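Engineer: this one's structure only:
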C-alpha cells in the first residue's frame, strides 16, 4: 500500500489510520501565517460509521488504501443479511442490511450492485444511480394542475413514500434517484 504525504489527501481517499479504515469526507488545506501548512481532514470510519476530525501536516505519512470494486447480483435477504452472488465465480457473499440504510427498499431481486472490498472484507454497497419503481397509490390526476410546479404524495411498490408531479398517475412506472430519493422522470 502506498504512503502519501498529509497534504496529498483528497476527498474520497481511503486511509489506514489509528488501526482502522477511514474515508476522507472533507479536506481543508490551511496555511497559517505562523507555522507550517496542514490539511484539516474529516474522516468517516468505513466499518462502524464513526466520524473523526484529524490534522495532517505535509510531512506526515499516511497509508492510502485502494479498495476493489466488484459487480455482484442481489439474490435474497435472510435474517437481516443480504446475499449477493459474484457473476463470474458464483461465490455468495452475505452483508448486513444496515449497510444500505434508508436506501434498502430500492434493492430489487436480480439487481446488480457494486460492492467495495478491502481484501476479502466487504465494506460498502453502491446501488445503481437510478431505479424504476411503480406508483401503487396516489391522488388522481386533476386537469389544469400541471401549470404550477407542485408535487403530490405517492406510495411506490417497494413501500417508499415519495413526492411526484401531479401528472403521474397510479400504475405508472417512474425513475427514482437512489441517492437523493427523489422523482427523476417517467420510465
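Structural biologist: Alright, I've got the coordinates. If you're wondering where the values come from, they're calculated on a predicted model, not measured in any experiment.
Engineer: When you work out contacts or count neighbours from here on, use the C-alpha atoms and nothing else.
Structural biologist: Noted.
Engineer: What strands flank the helix or strand bottoming out on mean pLDDT in the chain, and is each parallel or antiparallel?
Structural biologist: Using mean pLDDT, DSSP states H and E, strand 121-126 stands out as the lowest-scoring helix or strand of the chain, at a mean of 83. Strand pairing for strand 121-126, using DSSP bridges, gives strand 112-118 (antiparallel).
Engineer: So which residue is smack in the middle of the chain?
Structural biologist: residue 126 (5.1 Å; C-alpha atoms, centre = their mean).
Engineer: That residue - nearest residue in space that isn't next to it in sequence?
Structural biologist: In this structure, residue 126 finds its nearest non-sequential neighbour in residue 114, 5.1 Å apart by C-alpha to C-alpha, 6 or more residues apart in numbering.
Engineer: Distance-wise, check the one you found relative to residue 129.
Structural biologist: Distance, residue 114 to residue 129, using C-alpha to C-alpha, to the nearest Å: 11 Å.
Engineer: ok, these two, which is more surrounded?
Structural biologist: Under the neighbour definition other C-alpha atoms under 10 Å, residue 114 and residue 129 were set side by side, and residue 114 has more, 16 against 11.
Engineer: check contacts around the more buried one.
Structural biologist: 69-72, 125-127 (C-alpha atoms under 8 Å, 6 or more residues apart in numbering).
Engineer: Next, the buried residues of stretch 94-113.
Structural biologist: Across stretch 94-113, burial judged by 16 or more other C-alpha atoms under 10 Å covers 95-97, 99-100, 103, 106-108, 111-113.
Engineer: cool, and stretch 152-161?
Structural biologist: 154-156.
Engineer: Looking at the residues you listed, spot the one nearest residue 85.
Structural biologist: Taking C-alpha to C-alpha as the measure, residue 85 lies nearest residue 156 of those, at 26.7 Å.
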